[in-house]
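**Q** Need coordinates for the following:
(6 chains)
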Number of protein chains: 4
Amino acid sequence: MSAASSPPRRPRSGNRRDEAARLAVLHAADDLLVEHGFGALTVEAIARRAGVAKQTIYRWWSSKTDILLDTLIEDSEKRLPVPAEEITAGTVRDYLRGYAHFLTDDTAGAVLLALLAQAQHDPATATAFQERYLEPRRARERAMLARGIATGALAPRLAPEAALDALIGPLVYRALTGAEVPGDLVDALVDAVLRPAAD
Amino acid sequence: MSAASSPPRRPRSGNRRDEAARLAVLHAADDLLVEHGFGALTVEAIARRAGVAKQTIYRWWSSKTDILLDTLIEDSEKRLPVPAEEITAGTVRDYLRGYAHFLTDDTAGAVLLALLAQAQHDPATATAFQERYLEPRRARERAMLARGIATGALAPRLAPEAALDALIGPLVYRALTGAEVPGDLVDALVDAVLRPAAD
Amino acid sequence: MSAASSPPRRPRSGNRRDEAARLAVLHAADDLLVEHGFGALTVEAIARRAGVAKQTIYRWWSSKTDILLDTLIEDSEKRLPVPAEEITAGTVRDYLRGYAHFLTDDTAGAVLLALLAQAQHDPATATAFQERYLEPRRARERAMLARGIATGALAPRLAPEAALDALIGPLVYRALTGAEVPGDLVDALVDAVLRPAAD
Amino acid sequence: MSAASSPPRRPRSGNRRDEAARLAVLHAADDLLVEHGFGALTVEAIARRAGVAKQTIYRWWSSKTDILLDTLIEDSEKRLPVPAEEITAGTVRDYLRGYAHFLTDDTAGAVLLALLAQAQHDPATATAFQERYLEPRRARERAMLARGIATGALAPRLAPEAALDALIGPLVYRALTGAEVPGDLVDALVDAVLRPAAD
DNA sequence: TGATAATCGAGACGGTACGTCACGTCTTGTG
DNA sequence: CACAAGACGTGACGTACCGTCTCGATTATCA
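**A** This is a model prediction of the structure:
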């Protein structure tokens, strides 16, 4: 189904998977989404743009959202890593500010919003998006929070899961409604929800 | 339940717009969305289900999301009114609990999420959704908050606009990610964001 | 059905038929055919152009070809009468030259060709065209020929009916295939088919 | 008889054009024209009858008349060849009798009349019909006549082009007006126009 | 002199077909 | 065997006209 989740295949004979074609598809999908919007993101357009046969796409991905999910996972891990050590109020604040920037100014943020949207329309996308993006990231965010609480840097007014929704929900909601997400908002949310120790 | 199914033949009413056809379309769109999801919501399916010609739909609505917007506006005004007088912490809490219920258990909530999603894919939907649903409701919510602050019932930690996003964003985000929205979460958000006086 | 063929209706009361509307429709149909071709000749376009309601057309004509037939009958009786008295080789030759001119250079000729064409596609048009245009004219043409034979002006090589087809058929065929119909051709046909006495 | 109905499933043949689909379309168009007339000849009906996708038709033909033209060309070359050698008065007479039969009793004749009709309504059809059917056939007919004159078998009263119109025009005209085309007529025309030597 | 009855412009309505687009599947031929 | 190429059946798109219908406003005739 998805290339990113599978271990490298070891075919018994014949040609191996063409890495150049794989990258061309991912980039074509990304570019088309950013340049012309989700409406113009068709498998045929991706194939045309990537200079690839349609069948090559269907051989490796189950749908166009499957392609987007691959790009989102690769990009978000590079450009918006969840802080893993030395959690202070500052690192959390920076992560959330990064998230806000990611949502509104990064092409990968557009992919995230498109997938979140498409998940409302298509259960298969919903499941894959949940399992391959949301849940793994949420696990790392939970760990981040727990570490911050353990060190006394954070003292949330809400239970951990609720706290994460209280912090991230408003950012995503504003991005979805086309509003900007100012740094002030992030700071105010952190203060209200996490009651951080001075950092 | 669709209007077209109850009487075998809708009386045609001549020159003026046919109100029965209008209702049949709105109900058909609603029903199809709930029963088979946004993917099955095509103009042709709506027309078929409503017992109406496709052209009759295009005469009055510019797209299927335009139909959904009509149903959302009518339904949300009936089933989720913004409290207008005597604002206490309780009325706000109830409104938000109602919002949570609306999002997860009401067919009109499904319409809201579908429109919010489609707005990510289509600028025209985004504009219409913003102007005809989000902004009018937000204006009334702002007024609600202002009244609560004036009477001393509410003392938000955040500026009004930010406070509304901090309250509603998490509810919508959880609904979008398929999670339930428990009453606890609403209460905790109200406490954290609005610092209500005892009510 | 058709206004031209029915006796004028005598309703006991109410408005009489609007003559201005009748003429507007006939002219609109004629103009549209000549300006934009049969493809653009729709009932809606005629109504629009004539400034008339669609229902007014359907009240008096059964189809758009019925309208064309009315214009053809009125125009062809005025502009291409069948010679009735004093038949010489010259009058026949002139009639056929007139027919050629009618077919290629008169707007009513375009109507004739359009109806002959539409008769191939629609049996109702075929019947009406036959009964209201072709047959009456052919009867008068037969009479013309008979008179010419009686006076010795004409001595056809073919039986009368066949002679008429041999004379008119080539003219119509050339018009249908987009060719011009030169006077020479008419003269040669008359010579070959009718063996006229010197006139 | 339609090709699509004999085997339950046509074998799909991949990258190249599907010959079975091509034939199924040609036969379906022919059948529909003969059985239900030009009015029932819609692209959708052809596709339905041929068991073929509408898009497959549009991929290879520009319109339904383009399909008819293909069938006409194939059929008329098989069933009404223009005599090429040994031209006598008899071969010409037989060709014209064959033409008469083709026009009134052959399904391909119905196609010819439909195309000649449609050419009056649509310039694109007119051009294609002229260039792909009429002109090539006329060229061969001209050659036939020239050969007959050269051998002294024929001594036309009219110039060659005019003679052909004088011979074929009446046949086509009678077919168009729903009349039969008797053999006598053909003989009389040949005698009057071509003044044949005894054959 | 009204009441009656037919006409008229306007246009909504249920339909059918249009020609286009993208879907996902399949087959061919090349490296 | 992967891959470029692309034909195929499927089905929705948004548009144009079809012929029927109902409105409300004019007129003319006749009681």
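
**Q** what's the neighbour count on residue A:152?
**A** Look at residue A:152: counted by other C-beta atoms under 10 Å in any protein chain shown, it has 8 neighbours. (Each C-beta comes from the backbone N, C-alpha and C, glycine too.)

**Q** Enumerate every residue touching it.
**A** residue A:197 (C-beta atoms under 8 Å, 6 or more residues apart in numbering or on different chains).

**Q** what about it, which SS state?
**A** Counting by DSSP: H, G, I helix; E, B strand; the rest coil, the backbone at residue A:152 sits in coil.

**Q** Can you tell me how far it is from residue B:65?
**A** Distance of residue A:152 to residue B:65, given as C-beta to C-beta, to the nearest Å: 49 Å.

**Q** Listing request: residues of chain A with sub-threshold pLDDT.
**A** Applying pLDDT under 70 to chain A flags residues A:1-14, A:198-199.

**Q** quick one, domains of chain A?
**A** If you go by automatic domain parsing, the domain ranges for chain A are A:19-65, A:66-194.

**Q** could I get those domains as CSV with distance to residue D:82?
**A** Formatted as CSV, the domains of chain A follow (distance: least, C-beta to C-beta, whole Å):
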stretch, distance to residue D:82
domain A:19-65, 47
domain A:66-194, 60
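
**Q** Need the winner for burial among these.
**A** Most buried of the domains of chain A, by mean neighbour count (mean count of other C-beta atoms under 10 Å in any protein chain shown): domain A:66-194, with a mean of 19.

**Q** how about that one against DNA strand F, any contact?
**A** No. If you take C-beta under 7 Å from any atom of the strand as the test, domain A:66-194 misses DNA strand F, and the best it gets is 13.1 Å.

**Q** Would that domain count as contacting DNA strand E?
**A** No. Domain A:66-194 lies apart from DNA strand E when judged by C-beta under 7 Å from any atom of the strand; the minimum separation is 9.6 Å.

**Q** gap between the two ends of that domain?
**A** 35 Å (C-alpha to C-alpha, to the nearest Å).

**Q** can you give me how far that domain is from the chain middle?
**A** 8 Å (C-alpha atoms, centre = their mean, to the nearest Å).

**Q** In what element of secondary structure is the spatially closest residue to residue A:108 that is not a sequence neighbour found?
**A** With C-beta to C-beta, 6 or more residues apart in numbering or on different chains as the measure, residue A:75 is the residue that lies nearest to residue A:108, at 3.7 Å, once sequence neighbours are left out. Per DSSP states H and E: residue A:75 is located in helix A:64-79.

**Q** ok, then the element right after that helix?
**A** Reading on from helix A:64-79 to the C-terminus, the next helix or strand found by DSSP H and E is helix A:89-105.

**Q** May I have the very next helix or strand once past that following helix exported as PDB, CA atoms only?
**A** Per DSSP H and E, the first helix or strand lying C-terminal to helix A:89-105 is helix A:107-121. Presented in PDB, the C-alpha positions along helix A:107-121 are these (Å, rounded to 0.1, in the frame of the first residue of the first chain):
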ATOM      1  CA  THR A 107       3.700  23.900   2.300                       C
ATOM      2  CA  ALA A 108       3.600  20.800   4.400                       C
ATOM      3  CA  GLY A 109       1.100  22.600   6.600                       C
ATOM      4  CA  ALA A 110      -1.200  22.900   3.600                       C
ATOM      5  CA  VAL A 111      -0.800  19.100   3.200                       C
ATOM      6  CA  LEU A 112      -1.800  18.600   6.800                       C
ATOM      7  CA  LEU A 113      -4.900  20.700   6.500                       C
ATOM      8  CA  ALA A 114      -5.900  19.000   3.200                       C
ATOM      9  CA  LEU A 115      -5.600  15.600   4.800                       C
ATOM     10  CA  LEU A 116      -7.500  16.600   7.900                       C
ATOM     11  CA  ALA A 117     -10.200  17.900   5.500                       C
ATOM     12  CA  GLN A 118     -10.200  14.800   3.300                       C
ATOM     13  CA  ALA A 119     -10.500  12.600   6.400                       C
ATOM     14  CA  GLN A 120     -13.900  14.100   6.900                       C
ATOM     15  CA  HIS A 121     -15.000  12.900   3.500                       C
END
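
**Q** follow-up on the earlier one: what does the helix holding residue A:75 contact?
**A** By C-beta under 8 Å, 6+ apart, the list of residues contacting helix A:64-79 reads A:1-4, A:25-26, A:29-30, A:33, A:41-43, A:46, A:57, A:61, A:102, A:106-108, A:111-112, A:114-115, A:118, A:122, A:125, A:128-129, A:132-133, A:137.

**Q** so it versus helix A:89-105, what angle?
**A** Orientation of helix A:64-79 against helix A:89-105 (axes from the mean of the first three to the mean of the last three C-alpha atoms, to 10 degrees) gives an angle of 140 degrees.

**Q** First-to-last residue distance for stretch A:55-64?
**A** End-to-end for stretch A:55-64, by C-alpha to C-alpha: 13 Å.

**Q** again with stretch A:56-70
**A** End-to-end for stretch A:56-70, by C-alpha to C-alpha: 16 Å.

**Q** before we move on, the earlier item: distance check, the residue nearest to residue A:108 against chain D.
**A** The spacing between residue A:75 and chain D, counted by C-beta to the nearest C-beta, to the nearest Å, is 36 Å.

**Q** Same check on residue A:65?
**A** For residue A:65, the distance to chain D equals 25 Å [C-beta to the nearest C-beta].

**Q** Roughly how far does that residue sit from chain C?
**A** As judged by C-beta to the nearest C-beta, residue A:65 and chain C stand 44 Å apart.

**Q** Pull the contacting residues for residue A:145.
**A** A:87, A:92, A:154, A:156, A:160, A:163, A:164.

**Q** element containing it?
**A** helix A:135-150.

**Q** next structured bit after that helix?
**A** helix A:160-176.

**Q** and the angle for that next one with helix A:89-105?
**A** Counting by the same axes, to 10 degrees, helix A:160-176 lies at 30 degrees to helix A:89-105.

**Q** Tell me the helices and strands packed up against the helix or strand hosting residue A:44.
**A** Per DSSP H and E: residue A:44 is located in helix A:43-50. The contact analysis (3 or more C-beta pairs under 8 Å, 6 or more residues apart in numbering or on different chains; DSSP states H and E) places helix A:43-50 against helix A:19-36, helix A:54-60, helix A:64-79.

**Q** just so I know, which of those helices lies nearest residue C:193?
**A** With respect to residue C:193, and counting by C-beta to C-beta, the nearest of the helices and strands packed on helix A:43-50 is helix A:54-60 at 65.8 Å.

**Q** when you scan the closest one, is anything in it near chain D?
**A** No. Helix A:54-60 is not in contact with chain D by C-beta under 8 Å from any C-beta of the partner chain; minimum separation 11.5 Å.

**Q** and that helix, anywhere near DNA strand F?
**A** Yes. Helix A:54-60 comes into contact with DNA strand F (C-beta under 7 Å from any atom of the strand), by way of A:54, A:55, A:56, A:59, A:60.
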